[in-house]
Structure formats: structure tokens, C-alpha cells
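Asker: Give the three-dimensional model of this entry:
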Amino acid sequence: MTTSIFVNLPTTDLDRSKAFYEALGFSINPAFTDENAACIVFGDNIYFMVLTREYLGTFTDKQIIDPKTHAQTSVAFSRDSRDEVDEVLAKGLAAGGVEPREAQDYGFMYSRDLEDPDGNILGFLYMDPAAAAQGPEAYLAEQGASAPSASA
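Answerer: Next comes the predicted model:
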């Protein structure tokens, strides 16, 4: 059995969310999309269910947070190059997203955050394949550098 990942995100404007994620290059599965939700296809087994706040509330007894003011999660996606990270950010910014902080460049890893129009946080990152295989500390030791602290 193959495991699929479904990430549920709240939205205040479903049509705006669909347009935003399509602008990033992702598709929408119409079989699981209606006036309450849109199924955004990120990959073969990765999906975002962008749900109206009211509809998301039917799946939990907990309060639905406002992602503009509260962070519940940040989902990160790898890219094959730094240029691809920059390209997806450019598309997201042009489609109404916001970059909430400066790019993080650790030499072996480059990442940028993008908030969708509702404030949900998406991270896009490139990591040198050798660093990914060895781990950051071993890779940097081999390069004659030290790993940045977690607070960097």
C-alpha cells in the first residue's frame, strides 16, 4: 500500500486559493473539489486540501486558527536547485503570496518561505545532494566549515 499525504489548510476565499496554487504550477483534482474544498495536487502522493474555514471546522472540535496571526504548521518542499526555489517564490509573490522573512542561506542549504494569501506557510528549499546524503555537520566538516546553530 502506498501512503498519501493530505494536508488540510484553512482559507477565507476558496477561489483565490485555487488561483494561487495553480499559479505556483500545481493542479486541482476536480473529483475532490467543490464549494467547500479544493484538492491541490503537489505530487503523486501529496495533496493539499484547501478548505473553507467553516468546512474545516466540521473535522475538529478545536478552534480554527487564523494563519495570518498564528502559525500551526509550516510545510516545506524540496526543489532541485536554488534557481527553482527562486522561481517558485517569484510565481507565488506574483500570485498574491508574501515572503515573511529573508532567504536563509547556509551554503549547503538555501530556503525561502512563502505565505499563501491566507497566511499558510510554505517553505521551498534546495539542499546540496552531498549534504543531504552525509548530513549537514559531516558535509560542512568536510568543507572545513561549521554548521550554523539552530537559532541562525
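Asker: For V88, grab phi and psi.
Answerer: phi -70, psi -30 (degrees, to the nearest 10).
Asker: Go ahead and confirm it touches G25.
Answerer: Yes: applying Cβ atoms under 8 Å, one finds V88 in contact with G25, separated by 7.3 Å. Where C-beta positions appear, they are placed from N, C-alpha and C, glycine not excepted.
Asker: neighbour count winner among the two?
Answerer: Shown here are V88 and G25; by other Cβ atoms under 10 Å, V88 has more neighbours (20 against 11).
Asker: Run through the residues that contact that one.
Answerer: When contacts are counted by Cβ atoms under 8 Å, 6 or more residues apart in numbering, V88 touches 24-25, 79, 114, 124.
Asker: Could you list which of those residues belong to strands?
Answerer: 114, 124 (DSSP state E).
Asker: In the contacts of V88, find the pair that's most separated.
Answerer: Of all pairs drawn from the contacts of V88, the greatest distance, 12.7 Å, lies between G25 and L114 (Cβ to Cβ).
Asker: mind checking the SS state of the residue nearest the centre of the chain?
Answerer: The chain has L122 as the residue nearest its centroid, 2.4 Å off, counting by Cα atoms, centre = their mean. Three-state call for L122 (DSSP: H, G, I helix; E, B strand; the rest coil): strand.
Asker: Surely it and R79 touch.
Answerer: No: if you go by Cβ under 8 Å, L122 and R79 don't touch, sitting 11.7 Å apart.
Asker: what's near enough to touch K18?
Answerer: K18 neighbours (Cβ under 8 Å, 6+ apart): 28, 33, 38, 40, 50.
Asker: Please verify my assumption that the first one contacts D34.
Answerer: What it means is I28. No: using Cβ under 8 Å, I28 is not in contact with D34, being 11.2 Å away.
Asker: who has more neighbours, the two?
Answerer: Taking other Cβ under 10 Å, I28 and D34 do not tie; I28 has more neighbours (18 against 11).
Asker: And that one, how far from T11?
Answerer: Between I28 and T11 the computed distance is 13 Å (Cβ to Cβ, to the nearest Å).
Asker: do A141 as well
Answerer: A141 is 44 Å from T11, by Cβ to Cβ.
Asker: Of these two, which one has the most company?
Answerer: Neighbour totals were compared for A141 and T11, and T11 leads with 24 against 13 (other Cβ under 10 Å).
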